[in-house]
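1. coordinates only, sequence not included:
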């Protein structure tokens, strides 16, 4: 049985405009699926709908079933807040695009990582402090004690994204949703964070739902792809197949523009 | 190295502002505290001679009835601080509570609430005070209630906007994706993030409340005689201000000193409470 089963998911605004239409995909236990599309294609909304956290004014319909080991099968669309809360963080965790805004500016980093540990694993006191240090260490940040005491503005962008990753992974979710996690970072840091993400996923046999507009980034970390355009899936399949033989014109244009960019880079560096 | 130096220098500069505000405000608090135990003359002692200038027996002179001005000013300090603290307590508690509720309310409730606040804010404090006084009687208590109610609208509107802005932040969504409950989101993220702005605003409101009480007393809507509010002292000195200005100078200077002091404290707090400003300033 699959870990995440999305069937006929639609997201509609109060005024009746459809932002996501009839979207279906599945993520297997330990699977790595990419959602790719331009900004405004509904990919971030899909990620939020999976968590049951759509902003006010948006309504989801269809079915999102999360079947995390030890947490039971849950229909996330229309479920009560009290049913969803235990699943958030433990069933699925999220890393957002902009680490500066995704961390509370007035809370020390250590406390922000401690929150899910306290909530989902019931840790307190010295045990909690050790777990925070371990979580910081796991995302390969230096000097865990100093980082834990720092405010978000006192550490670098790459470090902030590692902290956000540590927060999302703290409760050891079965599914990690990464919403453009490297877009706000510069290219070298981007590669490091992606590498780390891949390692952590493999280590815990976690599933990954990776949302991005960047084909090069997505193809490096996923096995399967769903291509979104204007809230609809235009094509889906194994990542390698889609890259080598895109069937739809839209997918072809995405692959071609990524190729053109790469070729241009190569021409410059040569 | 340079980074270290600026981080050390910045707190010192800020504490200067805070101390500059604490000095006048602290002096007035001291005057008010002393007034509970000791006054140079009782308030109804008219033995000083009319409108005598400052001298050895009456440090600030006397008013037109021969009462000691220093004693009146000390009682006035007590009344000014009481009205500031009382109004901020009423306006702060009611304003933050209603503003918080409105920030979370659905669109319909929120729109109604905002419209109501706009009406309340347009309503002059003096008119509101006259209504409260008419319903009860002219007393310090009704003046404080009136000022506090007027302040509630301002504080509620600010709180509502601050809450809305914080709720739209990614870190609230991030906290919720990790399973944080609403009460915990409010106490852990919303309140700490709106708190610095609120505290600074409440400090400024304290100064405004002191001024409002002085205005109400000036108009005879505040504490009745013989309670010597600075506003009433100013009003009594008004007739003789060209011949004997002392009666107006003492309460006037103290009123300005208290409000300036409180505003400086507000400024100092703004920087010390916000860790993201600690580095940049």
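-> Received it, and whenever you're ready, just let me know what you need. Bear in mind the structure is a predicted one, so any value in this text is a computation, not a measurement.
2. switch to C-alpha atoms for all contacts and neighbour counts from now on
-> Noted.
3. Now do the residue most central in space within chain B against residue B:221, distance only.
-> For chain B, the residue nearest the mean C-alpha position is residue B:206 (0.9 Å; CA atoms, centre = their mean). Distance of residue B:206 to residue B:221, computed by CA to CA, to the nearest Å: 19 Å.
4. wait, isn't the residue nearest to the centre of chain B in contact with residue B:264?
-> No - contact criterion CA atoms under 8 Å: residue B:206 and residue B:264 do not qualify, at 12.0 Å.
5. tell me which parts of chain B are close to chain A?
-> Within chain B, the positions lying close to chain A (CA under 8 Å from any CA of the partner chain) are B:169-174, B:176-181, B:189, B:192-193, B:274-276.
6. Please list only the buried members of those residues.
-> B:170-174, B:176-181, B:189, B:192-193, B:274-276 (16 or more other CA atoms under 10 Å in any protein chain shown).
7. What parts of chain A come near chain B?
-> Contact residues (CA under 8 Å from any CA) of chain A with chain B: A:51, A:53, A:84-90, A:93-96, A:101-107, A:115-116, A:119, A:151, A:153, A:167-168.
8. Wait, a strand at residue B:222?
-> No - read with DSSP: H, G, I helix; E, B strand; the rest coil, residue B:222 is coil and lies in no strand.
9. Just give me the neighbour total for it.
-> 28 (other CA atoms under 10 Å in any protein chain shown).
10. in the stretch 151-281 of chain B, which spans are helices?
-> B:170-177, B:182-185, B:191-218, B:230-237, B:246-273, B:275-280 (DSSP state H, counting those that start in this stretch).
11. how about the helices of the stretch 1-150 of chain B, start to end?
-> With DSSP H, counting those that start in this stretch as the criterion, the stretch 1-150 of chain B has helices at B:2-37, B:69-104, B:107-122, B:125-135, B:140-167.
12. follow-up on the earlier one: if I look at the residue nearest to the centre of chain B, how far off is residue B:219?
-> Remark: distance between residue B:206 and residue B:219 (CA to CA) = 20 Å.
13. what do you get for residue A:22?
-> Residue A:22 is 69 Å from residue B:219, by CA to CA.
14. same question, residue B:248
-> 15 Å.
15. Please compare the two by neighbour count and tell me which comes out ahead.
-> Shown here are residue B:248 and residue B:219; by other CA under 10 Å, residue B:248 has more neighbours (21 against 13).
16. Is it possible to get a markdown table of the helices of the stretch 151-281 of chain B that adds mean pLDDT?
-> Below are those laid out as a markdown table (pLDDT from 0 to 100):
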| stretch | mean pLDDT |
| --- | --- |
| helix B:170-177 | 90 |
| helix B:182-185 | 89 |
| helix B:191-218 | 92 |
| helix B:230-237 | 88 |
| helix B:246-273 | 89 |
| helix B:275-280 | 58 |
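17. want to try a markdown table for those helices, with distance to residue A:143 as columns?
-> Formatted as a markdown table, the helices of the stretch 151-281 of chain B follow (distance: least, CA to CA, whole Å):
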| stretch | distance to residue A:143 |
| --- | --- |
| helix B:170-177 | 24 |
| helix B:182-185 | 28 |
| helix B:191-218 | 27 |
| helix B:230-237 | 58 |
| helix B:246-273 | 26 |
| helix B:275-280 | 21 |
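18. closest one to residue A:70 among those?
-> helix B:170-177 (18.7 Å; CA to CA).
19. so how far is the closest one from its chain's centroid?
-> 35 Å (CA atoms, centre = their mean, to the nearest Å).
20. got a list of contacts for it?
-> A:51, A:53, A:85, A:88-89, A:93-96, A:101-104, B:166, B:185, B:189 (CA atoms under 8 Å, 6 or more residues apart in numbering or on different chains).
21. got the angle between it and helix B:140-167?
-> With axes from the mean of the first three to the mean of the last three CA atoms, to 10 degrees applied, the angle from helix B:170-177 to helix B:140-167 works out at 80 degrees.
22. Out of the helices of the stretch 151-281 of chain B, which is closest to residue B:82?
-> helix B:191-218 (8.8 Å).
23. Enumerate every residue touching the nearest residue to residue B:270 once chain neighbours are set aside.
-> Nearest non-adjacent residue to residue B:270, counting by CA to CA, 6 or more residues apart in numbering or on different chains: residue B:200, 5.9 Å away. Listed by CA under 8 Å, 6+ apart, the contact set of residue B:200 reads B:266, B:267, B:269, B:270.
24. So, low pLDDT: which residues of the stretch 151-270 of chain A?
-> Scanning the stretch 151-270 of chain A with the threshold set as pLDDT under 70 gives A:270.
25. In three-state terms, label residue A:225 for me.
-> From three-state DSSP, the assignment for residue A:225 is strand.
26. and the gap between the residue nearest to residue B:89 when sequence neighbours are not counted and residue B:59?
-> Counting by CA to CA, 6+ apart, residue B:148 is the residue found nearest to residue B:89 once chain neighbours are left out, at 7.5 Å. Between residue B:148 and residue B:59 the computed distance is 35 Å (CA to CA).
27. Same drill for those two, tell me which one is more crowded.
-> residue B:148 (29 against 14).
28. so what pLDDT did the more buried one get?
-> We have a pLDDT of 93 for residue B:148.
29. likewise residue B:3?
-> 40.
30. repeat for residue B:11
-> With respect to pLDDT, residue B:11 has a value of 53.
31. buried stuff in the top helix by length along chain A?
-> Counting residues, the longest helix found in chain A (DSSP state H) is helix A:249-269. In terms of neighbour count (16+ other CA under 10 Å), helix A:249-269 has its buried residues at A:250, A:251, A:252, A:254, A:255.
32. if we take those residues, which one ends up nearest to chain B?
-> residue A:254 (28.7 Å; CA to the nearest CA).
33. got a list of what residue A:121 touches?
-> Listed by CA under 8 Å, 6+ apart, the contact partners of residue A:121 are residue A:171.
34. And residue B:223, by the same measure?
-> B:138, B:139, B:140, B:141, B:143, B:217, B:229.
35. Just read off the phi/psi values of it.
-> Here is the backbone geometry of residue B:223 (degrees, to the nearest 10): phi -60, psi 130.
36. Next: residue A:35.
-> phi -110, psi 120.
37. Neighbours of it, how many?
-> Per other CA under 10 Å, the neighbour tally for residue A:35 reads 26.
38. which residues touch stretch A:171-191?
-> The contact list for stretch A:171-191 (CA under 8 Å, 6+ apart) reads A:3, A:29, A:44, A:47, A:68-69, A:89-99, A:116-117, A:120-121, A:157-158, A:161, A:168-169, A:193-194, A:206-213.
39. Distance across that stretch, terminal residue to terminal residue?
-> 25 Å.
40. Report the distance from it to the chain centre.
-> 7 Å.
41. This completes my enquiry, with thanks.
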